[in-house]
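Peer 1: Here is a sequence with its predicted model. Questions after.
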Amino acid sequence: MAILVVLVSTTPLWSFTPEDDLTAKAALLMDAATGRILFQKEADLRLPPASTTKVMTAILALESGRKLSDNLTVSKDATRVPPSKLYLRPGQTMPIEELLYAIMLASANDASVVLAEGIGGSVERYTDLMTKKAHSLGATNSHFTNPHGLTAPDHYSTARDLATIFRYAMKIPLFREIVHTKFSSVNSLAVIKKKVVPRRISVRNHNRLLWDYEGALGGKTGYTHAAQRCYVGAVQRDGATLIVAILGATNMWSDAKHLLAYGFDNYETLKSASQATQKPVFSEGSSRQRISTANLRGDNQRPKSADGFILQVGSFRERERAELLTQQINELGFDAFIDVNEAGRNEAVYRVQVGPYAELAAAQEVAQVLLAKNGQRSLIRQFSAAREGS
């Protein structure tokens, strides 16, 4: 298992700091080529995914073995699902390919149900297959109970799972073509007074990045009151492709653009650091410099006695969770502390940190131990006492 090592100056040349400035409850940035994680925030927190669910709905349909030209019939149950939808009518028929464009561009909930019923035989069976497929891809923290993403008990995913699922989906040529399409139209057939009447419906992609972000390849948006703004998508620049997954955001597009800019601006550093962690970092007789610290520190109480590298192990809104993790790390023999930062609206972010360490190898060694003994992945940052104290 790899440790995420990010060598980031604590005084960046730009104002965005991922863990501070995101509005999302959970987020993840992935290198699509390797699957390596470049940034994560609460990546394994189970949250309602809203219409990002439809990525898995599409995967299952594309891999069902059915012909894309096969017509599926609209049921009464499909027409009763709440918007967004095409307002299909019972008895209408639509080809599978048209339904796929409808769910991925217009986020049509009724079209999602038509796919589930027509291919799976029932919504229940189809969503069970969705969950099994997700788990087979390694997205084991996801569970689906409907094909559209409307809020329901026991329907959830995570930022890590969404990125994993989307990375897989982008390997399917037709999926890539669909999500990259800005405008299209879908056709359905209805029988009215014994006559077959065609109906043509225009659909527009909800993914704003296709219009205003260079290199956008496609993605899927989502929103419900419970889920808030959600997004998963991919962008390619200078030969690198990044996947961003966001759940529970209030400003989804700002979060996505900031994370992508962070990833592309720091890509070589993040990539090199991530690759370096694949090499063994344990050496016989290796030493680590530890600086005794208090368990709780405010902005003016960070370590001032040495430069080097510091491990950020977790970031929490609840102080109790941070204190519990700090205690667990201290019991392993490492000097952990809590760095308190204002998050606005009378809220605070409690970051559990360990160190600093004079050498990168020492910090990597501690990160390996924390992962092995406590299951905690660490983000390693450059630390300067002079900068931190300024």
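Peer 2: Thanks, I have it. Bear in mind the structure is a predicted one, so any value in this text is a computation, not a measurement.
Peer 1: ok, now which ones touch Met30?
Peer 2: Going by Cβ atoms under 8 Å, 6 or more residues apart in numbering, Met30 touches 36-38, 163-164, 167, 242-245. All C-beta spots, glycine's among them, are computed from the backbone N, C-alpha and C.
Peer 1: How about Ala234: what's its closest non-neighbour residue?
Peer 2: Excluding its sequence neighbours, the residue lying closest to Ala234 (Cβ to Cβ, 6 or more residues apart in numbering) is Leu217, at 4.4 Å.
Peer 1: From the contacts of Met30, pick the one nearest Leu150.
Peer 2: For the contacts of Met30, the residue nearest Leu150 by Cβ to Cβ is Ala245; the value is 19.5 Å.
Peer 1: and the closest one, that's in a strand?
Peer 2: Yes: under DSSP: H, G, I helix; E, B strand; the rest coil, Ala245 sits within a strand.
Peer 1: and it, how many neighbours?
Peer 2: Residues within reach of Ala245, counting by other Cβ atoms under 10 Å, total 32.
Peer 1: Phe166 falls within a helix, correct?
Peer 2: Yes: applying three-state DSSP, one finds Phe166 inside a helix.
Peer 1: Now do the contacts for it.
Peer 2: 55, 219-220, 232-234, 243, 245.
Peer 1: From one end of stretch 83-98 to the other, what's the distance?
Peer 2: With Cα to Cα, to the nearest Å as the measure, the ends of stretch 83-98 fall 18 Å from one another.
Peer 1: Show me what counts as buried in it.
Peer 2: Buried residues in stretch 83-98, counted by 16 or more other Cβ atoms under 10 Å: 84-86, 88, 92-98.
Peer 1: Buried only: go through the contacts of Phe166 for me.
Peer 2: Neighbour-count burial (16+ other Cβ under 10 Å) is assigned, among these, to 55, 219-220, 232-234, 243, 245.
Peer 1: for those, which one is nearest Ile172?
Peer 2: Set against Ile172, the nearest of those by Cβ to Cβ is Val55 (10.6 Å).
Peer 1: Surely the closest one and Gly222 touch.
Peer 2: No: contact criterion Cβ atoms under 8 Å: Val55 and Gly222 do not qualify, at 9.6 Å.
Peer 1: any low-confidence regions in the stretch 201-350 of the chain?
Peer 2: Filtered on pLDDT under 70, the stretch 201-350 of the chain yields the residue ranges 269-307, 342-347.
Peer 1: The nearest residue to Met252 once chain neighbours are set aside: what secondary structure?
Peer 2: Excluding the flanking residues, the one nearest Met252 by Cβ to Cβ, 6+ apart is Arg229, at 3.5 Å. With three-state DSSP as the basis, the three-state label of Arg229 is strand.
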